Structure formats: C-alpha cells, structure tokens
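In: Structure, please.
(chains A and B)
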Amino acid sequence: MSTATLTQMSGSRVTLPRVMHMEWIKFWSLRSTIYTLAVALLVTVGIGTLSTALVDFKANGPAANDPTWDSLYGITIAALATAVLGVLMTTSEYGTGTIRATLAAVPARLPVLWAKVAVFAAGSFIFTFAAGLAAFLAGQAILSARDLDSATLFDPGAFRAVVGAAVYLTGAGLIGVAIGSLLRHTAGAITAVIGALFLAPSLLPLLPGSIRDTVNPYMPLNAAQAFITVNGPGGGDLSPWAGLAVYAGYLVVLVVWAAVMLKRRDA
Amino acid sequence: MIEVNSLSKRYGDKLAVDSLTFTVRPGVVTGFLGPNGAGKSTTMRMIMGLDRPTSGSVTVNGRPHAQHVAPLHEIGALLEAKSIHPGRSAYHHLRALAASNGIGAERVLEVIDLVGLSEVARKRAGAFSLGMGQRLGIATALLGDPKVVILDEPVNGLDPEGVLWIRNLLKGLAAQGRTVLVSSHLMSEMAVTAEDLIVIGRGRLLSAGRIGEFIARSSSRRVRVRSPQVARLRELLLADGATVSGIEPDVIDVEGLDAPKIGERAADAGVVLHELVPEEASLEEAFMRITKDSVEYHGGSGASFAAKGGVRR
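Out: Just a heads-up that it's a prediction; the model follows:
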C-alpha cells in the first residue's frame, strides 16, 4: 500500500461543537452505555412499581403522603448506575490510553471536559426523563387502582418532580464524570463517588443531633431529592429550588476543579 | 518541523529530560534513539503537549502544539500501541477523533484502508493483536494528513511484512515533504529507514545529525587482517604506531592504520596477506559506543558486555 492515497485537507479546525460530536460518538459507540442506561431505566420503573404496589399510606400518616415520590423512589438505586456510567466516561480514557489520542486532537484540553459534561447530560437526560415519566405513570396507575391517593402530571409540582428525577440521575452521573476526571482510576473513582453520594449520608447518625440535622439536607442526593419532593415532610428539608441550587453547586465545584486539574496535570 | 529548545522535564528528583535542544527537519525520516529510560517517550509526550516541560519549549511548525487551530493537520502521533477502548471499534475510535477536528468519515475510511484494517474496522478493538493495535495507532497518526508525524516504536509487534510496510510508509511520508520522527530500538531498522539521527542518553543529547556522519564519528576504523605471517606483521604495524589485537592465530584487528597503508607495509616487508578487510562499524556498534556511559538499566553480564562496546563480528 502506498501513501499516495493521502488527500490534502483544508478547513479542518477544532470547535466546541465538533469536540461535542467526538464525545457523542465515543459515548454511544460503547455497548456499556446502552446497557447501563437500560439498567437505570429498568430499576427506576421496576422499583417505582414495586414501591407503589406495597406502600401503606395509613401506616405512614397522611402528612408523609407523597404519591409522586413513591413512584419515583427507584431513582435512589438507579443513581448508582448513572454515577458509574459517568465515572467510566472519563476513567476509561485514562485506563485505555485513549486520553492521549483525545488530547493530541484537542490540545486545548478544556473543550474535552465541557463536551463530556454536555454529552453525558444530554444522553443521560433523555433516558432518565423517559424512565422517570414511565415510573410516574405506572406508579400512579397502580396507586389509583389500589384506591390510594395518586397524582397526575398536571398536579402542582408533579411535572417538576418527573424532570427532577432526571436531574437527580443525570447529576449523579455528572458528579461521576468530574470525580473520574479528577481521580483517573476507575476503581478509586467509583469508590469515591459511592462514598460521597451513598455512604456519607448513612454515617451522619454518628454526628451529634444538631449538626446532623443541619448537614443532612445538604448532602448531594438529599438536596436533589428536595427538588423532587411534592409533599415533603417539611422540617429541616430544603425547598425544591434551594435543593436544586445546592445540587448544582456541588456539580459546578467538582467540574471546575476537574477542569483546573485537567489543564494543569500531565496527561 | 519540530524545534526543541533547552527542554527539561523533572519527575520528583529525577531529571528525565535534561536541556535537550534539537531540530527535526522536514523531508527526511529522523530516527530517535536512546537506551531504555533515556527520555525518548517523555520528549515525544512534551512535543505533543501531553506533558508540560519543567523548563524550555517545543514548537511544532513554529507554535506550541496547543496553539494550533487544526491540531491533527499539524502533527499526528503514535505514542502507545492499543490506545483504544477495547469495547469500541476502530472505525468509531477514528471517527470520533476525526470529528473533533472536522474531518469527515471519508478520510476515516481512507486511513483504515491505508493501514490495512478494513476487514476488522467494525469489530470491537479488544480482540486486536499488538500488530493491529500498531496499525490503528498509525491510522490515528495519519488521520489529519499531518505535516509532522511522530511515532514511538512503531514496528513493535509487527511481522516482517509489517516492518517493511512501515519502512516504506515512513520513507513515503518524508518524500512528500513531511517531518517524520520515529523512535525505535531496532538499530538495523533505523539504519535502513532514517537519514537523520538524534541520539539521547539519560535525558541528554548525545548526537544529532546525518546517520552516516554519526556512524563515522562514533566508530573506530578497524581493519581485519589474515596472514600466515601474522607475528611478523604485528611487529611492523606496532612499529608504525598502530594498535593491534589478536583474534585468531592468523588473524589480527588493526586500529590506527588504514587498509592501503597496511597493505603497503606488508608488501614492503614481503609479508603474505590472505585477507585485508576494513570494517565499517554498524549503527548498532556506533550506538553502543556513544551510549555506553548513559545506559540507565544495566542487565547482567551480557548487557554490560554489549554496553562496553565489546560487540564483534
């Protein structure tokens, strides 16, 4: 074979949309992406139907009735799947050496992180919004068949909650993207994300009561949950929009940190 | 054109690259040689902007790599074989990288065909052999039709047919006016591929220039002489200030006199010669000689023997 087939090219230059196109191709060209998002969807819908089929409002008392949250309860488990998918999006580049080819193509570096965040957010949101919607509709149908309180999408806060479920799941994944980019090793990053999102809240009871009650609403997934709650227990929980702001705050801090380190470190 | 200027890289207390300065010119294949741990890969990573220099600078076609608007069109690199996610196909790997620089799918198919991976391009790359990984790496390097190509150990894992293919590919790229920098530890391969040579050891520049000059400069001129009257000849040559070492009962190696002089001496004294062979040092010998003090990782007796320049044919 000869090199004579090489063609001359012009007009090729790096732009952010093009880097996003690159990440879009990378994201969807792995089977694990589809599998993991499918798992997140199945868990969300499956646990939502289970929880609405088993929930006992009378035992909980009327103040705690939140049929919307009951139908979306599966996201607390499904977030594991999206968080791991987010971690893999960045750590797999380091684990396989693909990062060197990526940064050779985009030596400015930061567009790669912005593009990963954007592509993950878009790809994950589509799937998880569908999952939340399906879980909500199935769950409410089950509740109404059981003659229990149920909600419709047009009830105040219900649609926000369904969108919130996608925000909750996608946000967990984006936290994974950022932590993966910071730690670069799959096992370490998954451990860190699970520790921060899922295990830290369960360590709170070790703290003195007043501190615990102050800190608890600000744990990332608790804050995100506040955005989903329609009929919350009240008390120390954040308002929906405050919850969203806190959750977004975590994300911004982690992504900016990841950006600084991506720019600074040797690849 | 690659210009490396007083480039240094420190990892902790180890100076991996120490004030390197050299230029890689377009139009020829430049070999990049050095013992293991000499800093070749680190230097290449700094050229690509992957590692930040501790001091000094590198420019590719006049600018640091990160400042190019179309990076893949300026420089393409193979730094590690099999730098691909095992779950992704070669096609999607290349398609994604191409997309970042606005390069179309047509070009992706072209480079896949160029490196001979058309049959397996749609399969997951996890099953690729080392040789196929190298070919994919070369396809990646050529994706943007770059003016500069740098390849770190491209013939690793390739079969003889693949080695020949790389050799012709590199020469072809250079003939088109591109800058080609290629590292290898296969001296014989370098000897037939490269025109220029950059040799480093312990992070320092040992030699930069034409390969022929390198060999001439770093080799001792030795002449092998076979004669039935070797003892007599030895006395004559020693008297002329030459250095003589015995190889076999009737064979000596002579340094310090060239073959015509030795022949004339022998004729004057009526000494019969059966062989009079000037020995050109090989690139390998020249390399061993110049790097003997800068070999990072000595092996056992075999390696240290080689490192002392004691290789004889």
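In: Helices of chain B, start to end?
Out: Remark: helices assigned in chain B by DSSP state H are B:40-47, B:71-74, B:90-100, B:105-114, B:130-142, B:160-175, B:187-193, B:211-218, B:230-239, B:259-269, B:283-291, B:301-307.
In: Only C-alpha atoms, please: export the shortest one in CSV.
Out: What follows is helix B:71-74, C-alpha atoms only, in CSV (Å, rounded to 0.1, in the frame of the first residue of the first chain):
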residue,chain,number,x,y,z
PRO,B,71,-4.0,20.2,15.6
LEU,B,72,-4.5,16.9,13.7
HIS,B,73,-3.5,18.6,10.5
GLU,B,74,-0.2,19.8,12.1
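In: neighbouring contacts of that helix?
Out: Helix B:71-74 is contacted by residues A:9, A:12, A:14, A:104-107, B:60-61, B:65, B:68, B:97-98, B:100-101, B:103, B:143-148 when judged by CB atoms under 8 Å, 6 or more residues apart in numbering or on different chains. C-beta here means a position set from N, CA and C on the backbone, and glycine is covered the same way.
In: Recalculate using a threshold of 7 Å.
Out: A:9, A:12, A:14, A:104-107, B:60-61, B:65, B:68, B:101, B:103, B:143-148 (CB atoms under 7 Å, 6 or more residues apart in numbering or on different chains).
In: In strands only, show me those residues.
Out: Counting by DSSP state E, the contacts of helix B:71-74 place B:60, B:148 in strands.
In: Report the buried members of the contacts of helix B:71-74.
Out: Among the contacts of helix B:71-74, those classed as buried by 16 or more other CB atoms under 10 Å in any protein chain shown are A:9, A:12, A:14, A:104-107, B:60-61, B:65, B:68, B:101, B:103, B:143-148.
In: Counting neighbours, what do you get for A:Tyr35?
Out: Residues contacting A:Tyr35 under the criterion other CB atoms under 10 Å in any protein chain shown number 12.
In: got it, and A:Met22?
Out: Neighbours of A:Met22 (other CB under 10 Å): 26.
In: On the pLDDT front, check the residue of the stretch 151-300 of chain B found nearest chain A for me.
Out: Chain A sits closest to B:Gly172 of the stretch 151-300 of chain B, with a gap of 3.9 Å, by CB to the nearest CB. According to the prediction, B:Gly172 has pLDDT 96.
In: next one: B:Val223
Out: 88.
In: again, but for B:Arg313
Out: pLDDT, B:Arg313: 38.
In: any idea where the helices of chain A begin and end?
Out: Counting by DSSP H, the helices of chain A are A:16-28, A:31-54, A:57-60, A:67-72, A:75-96, A:98-105, A:110-145, A:158-183, A:186-194, A:200-203, A:209-215, A:220-228, A:240-264.
In: For B:Glu275, which of these is the nearest?
Out: Of all the helices of chain A, it is helix A:98-105 that lies closest to B:Glu275, at 52.7 Å by CB to CB.
In: Averaged pLDDT, the closest one. What do you get?
Out: 95.
In: wait, which of the helices of chain A is closest to chain B?
Out: helix A:16-28 (3.9 Å).
In: Next, the angle helix A:110-145 makes with the closest one.
Out: 50 degrees (axes from the mean of the first three to the mean of the last three CA atoms, to 10 degrees).
In: list the buried ones in helix A:16-28?
Out: So for helix A:16-28, counting by 16+ other CB under 10 Å, buried means A:18-27.
In: List of residues touching it?
Out: A:33, A:89, A:106, A:111-112, A:114-116, A:118-120, A:123, B:92, B:95-97, B:99-102.
In: In space, what's closest to the residue of the stretch 51-200 of chain A found nearest chain B - neighbours in sequence excluded?
Out: In the stretch 51-200 of chain A, no residue comes nearer to chain B than A:Gly97, which is 3.5 Å away by CB to the nearest CB. The shortest distance from A:Gly97 to any non-neighbouring residue, by CB to CB, 6 or more residues apart in numbering or on different chains, is to B:Ser83 (3.5 Å).
In: how about the one you found, what does it touch?
Out: A:96-98, A:100-101, B:137.
In: What pLDDT does the model give it?
Out: 86.
In: Also B:Tyr297?
Out: Reported pLDDT for B:Tyr297: 58.
In: Next, the contact list for the closest residue to B:Val230 other than its chain neighbours, please.
Out: Distance criterion CB to CB, 6+ apart; nearest residue to B:Val230, sequence neighbours excluded, is B:Asp250 at 5.2 Å. B:Asp250 is in contact with B:226-228, B:230, counting by CB under 7 Å, 6+ apart.
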